[in-house]
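Visitor: can't give you the sequence, but here's the structure:
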């Protein structure tokens, strides 16, 4: 797929673009670049095909033919001062930006957030986000969006749980246009995260599709069950449990 890197450089905050027809993982490529002192940042890495895409923990990310796989390598100051909830807030900021970019494309659907890093439509996963904070505090922000691929080509175990823009609308999408729009939203939301992070948490809560759902959060060997009451202004998942309301900044979710 043709990508207009010059247009992206001219119209967004990105300083450099790498585009690969095929790559193992865009996040892994960003990590390779992260220790290079002369690296121009933000660096955008885009791949037409990803053979070893990663999700949170041990999960893999399916990158079907025609989907969008991208990673941004960013300096930490893009996200404001370091804080304990920085990784979930960074992922939520990307999620907010992505949903706001998708809403005009999906007038008949309601894209929203499943805390902390999934974009869903009708209980099907449309996109996934993986934010990794490196020892030098640079942030690797990975995003996989199902655009021009089809659920018909997904592995059998995923066919009922994933969605694609093409399947939802019947239209193809140019990745250059999508990236320009998405990066514009990211720049605005990142600025909010640095200046007033609670606004990002509040917006994520408004877009959260898990309100009222019974969820189980697992952290290590500990599991907690509760009813979701939304996302806190600091990015925490809020559950009403048998022991009262609890806030979670990390963990694996099960519904």
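Guide: Done, it's in. Everything numeric here is computed off the predicted structure, so don't read it as measured data. Numbering: from 1, shown residues only.
Visitor: now stretch 91-108: mean pLDDT?
Guide: Stretch 91-108 comes out with an average pLDDT of 95.
Visitor: Give me the phi and psi angles of residue 204.
Guide: phi -60, psi -40 (degrees, to the nearest 10).
Visitor: What does the pLDDT read for it?
Guide: In this prediction, residue 204 carries a pLDDT score of 97.
Visitor: What count of nearby residues applies to the nearest residue to residue 9 once chain neighbours are set aside?
Guide: With C-beta to C-beta, 6 or more residues apart in numbering as the criterion, residue 9 has its nearest non-adjacent residue at 6.3 Å, and that residue is residue 17. The C-beta positions use only the backbone N, C-alpha and C, and glycine is treated the same way. With neighbours defined by other C-beta atoms under 10 Å, the count for residue 17 comes to 20.
Visitor: Residues touching stretch 131-141, excluding its own?
Guide: Defining contact as C-beta atoms under 8 Å, 6 or more residues apart in numbering, one finds that stretch 131-141 is touched by 27, 30-31, 34-35, 41, 71-76, 78-79, 82, 86-87, 90-91, 94, 117, 129-130, 142.
Visitor: Now list the buried members of the residues you listed.
Guide: 27, 30-31, 34, 41, 71-74, 76, 78-79, 86-87, 90-91, 94, 117, 129-130, 142 (16 or more other C-beta atoms under 10 Å).
Visitor: right, and residue 148 touches residue 171 too?
Guide: No: shown here, residue 148 and residue 171 do not form a contact pair, counting by C-beta atoms under 8 Å, at 9.1 Å.
Visitor: Between those two, point out the one with more neighbours.
Guide: Neighbour count, other C-beta under 10 Å: between residue 148 and residue 171, residue 148 has more, with 19 against 9.
Visitor: can you pull out the helices in the stretch 1-150 of the chain?
Guide: Taking DSSP state H, counting those that start in this stretch as the criterion, the stretch 1-150 of the chain contains helices spanning 5-11, 26-33, 86-102.
Visitor: Buried deepest among those helices, which one?
Guide: Using mean count of other C-beta atoms under 10 Å, the stretch among these with the greatest mean number of neighbours is helix 86-102 (a mean of 25).
Visitor: from what I can see residue 74 touches residue 39, true?
Guide: No: Residue 74 sits out of contact with residue 39 when judged by C-beta under 8 Å, with a separation of 11.0 Å.
Visitor: Report the spatially closest residue to residue 125, excluding sequence-adjacent ones.
Guide: Take residue 125 and drop its neighbours on the chain: the residue closest to it by C-beta to C-beta, 6+ apart is residue 162, 5.1 Å away.
Visitor: ok, how many other residues are close to the one you found?
Guide: Using other C-beta under 10 Å, the number of residues around residue 162 comes to 22.
Visitor: OK, contacts around it?
Guide: Listed by C-beta under 8 Å, 6+ apart, the contact partners of residue 162 are 62, 124, 125, 126, 146, 151, 154.
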